[in-house]
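Trainee: Need the 3D shape of this:
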Amino acid sequence: MSRLKFEKRNFVNNIFLILKGIAMGTANKVPGVSGGVVAFVGGFYEEFIYSLQKINFNAFKFFINFRFKSFWKYINGSFLGLLILGMLISYFSVSKLLDYFLERNELEVWALFFGMIIGSVIYISKNYENWNFKNIVFLLLGTLVGVAISLLKPAGENDNLWFVFVCGIIGVSGMTLPGLSGSFILILLGNYILLLVDSVNVLYDTLFYLFKNDFSFLEDQEHMRLLHVLGVFSLGSFFGLVSLSHFLGYVLKKYKNETFAIIIGFITGSLGVVWPWKNKIYKLSEEGSVLLDPKGNMVLDYYKRYFPDLTINTAIVLCWIILGVVLVLYIERLGKQNRK
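Mentor: Model (predicted):
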């Protein structure tokens, strides 16, 4: 292969990695959708887990001895760096766009994600060749756990920093555990708005202030509180990524087929979370009025799912579901062609 062709192929691979990072970051922010599903379907889940495993004591020794080139190579830095770059891009661009559409076209967005998860299940199941009685039991176990989690009710907001740190570990779980939506768990814990909306927005505002050379935000107690919350949440997320990756790396090495069967079950069980047709039921006070959090937002109690009537609108939503299925399978086909 000529040097020019090699560099072109390497450039295309890098662009694909950034796009996969954007997809992971976006998916991890959506309740019911797991960033790990993107890694799993994209065919780089195991490399992602094993690369995170390399962030260990040996990597730390390379770093403190200023052997940065060895450190970067040891942790598979080019791979992780491009993925993380994509995730950061998603939080400041695609995630904002996603928030916009969730406010205005919520039903269609949920339908698209519902279809994408179905597409993920189709793709993963098609490529899984180790079906036997034991693995089917693990599949059913994973599905039951996924369904059980989806039926839990959310709690109220809590900005205690130790709790926020734990939320960081849990919130990032969707990156390493396909089918387990970290953002949905944050909703159950009551901290989704605080950690994935308010804190991210305040970071965006902080960067905007710094760009204008305006440091007035330092006097804003609410702004600084949210920055502290975001910092602790980020530390928890990093700790969760590294610690969960070591655990999963061991499990994948010892029980790969069983783990993949449970993951397929998790993904299947998460379909209930992203079922498009649902109504938000808000918590009520003893007097019967809707409860509000400290920011004036209505406090979610649970989702009431229903089956729609056969109308034109339902047909349109079904088209969005089909589009989601086709999109996942088409992206994976492109990925396979690129890996050849």
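Trainee: what about Gly288, distance to Ser125?
Mentor: 47 Å (C-beta to C-beta, to the nearest Å). For the C-beta atoms, the positions are set from N, CA and C on the backbone; glycine is no exception.
Trainee: now do the same end-to-end measure for stretch 192-201.
Mentor: 13 Å (C-alpha to C-alpha, to the nearest Å).
Trainee: list the contacts for Asn313?
Mentor: Going by C-beta atoms under 8 Å, 6 or more residues apart in numbering, Asn313 touches no other residue.
Trainee: So which bits of stretch 78-86 are buried?
Mentor: Judged by neighbour count (16 or more other C-beta atoms under 10 Å), stretch 78-86 contains these buried residues: Phe79, Leu80, Gly81, Leu82, Leu83, Ile84, Leu85, Gly86.
Trainee: Same question for stretch 313-321.
Mentor: Result for stretch 313-321 [16+ other C-beta under 10 Å]: buried residues Thr314, Val317, Trp320, Ile321.
Trainee: likewise stretch 130-138?
Mentor: Buried, per 16+ other C-beta under 10 Å, within stretch 130-138: Asn135, Phe138.
Trainee: now the host helix or strand of Gly36, how far from the centre of its chain.
Mentor: Assigned by DSSP states H and E, Gly36 belongs to helix 35-42. From the chain centre to the centre of helix 35-42 is a distance of 9 Å (C-alpha atoms, centre = their mean, to the nearest Å).
Trainee: Taking helix 35-42 as reference, get the angle to the helix or strand just after it.
Mentor: Scanning forward in sequence from helix 35-42 by DSSP H and E, the next helix or strand is helix 45-53. Relative orientation of helix 45-53 versus helix 35-42 (axes from the mean of the first three to the mean of the last three C-alpha atoms, to 10 degrees): 130 degrees.
Trainee: Return the list of helices and strands in contact with helix 45-53.
Mentor: Helices and strands touching helix 45-53, as assessed by 3 or more C-beta pairs under 8 Å, 6 or more residues apart in numbering; DSSP states H and E, comprise helix 35-42, helix 77-89, helix 173-176, helix 221-254.
Trainee: repeat that for 7 Å
Mentor: helix 35-42, helix 77-89, helix 221-254 (3 or more C-beta pairs under 7 Å, 6 or more residues apart in numbering; DSSP states H and E).
Trainee: for the record, mean pLDDT for the last one?
Mentor: Put plainly, it is helix 221-254. Taken as a whole, helix 221-254 has an average pLDDT of 85.
Trainee: Sort out which residues of it are buried, please.
Mentor: Neighbour counts over helix 221-254 (16+ other C-beta under 10 Å) mark 226-227, 229-230, 232-234, 236-237, 240-242, 244-246, 248-249, 252 as buried.
Trainee: That concludes my questions; thank you for your assistance.
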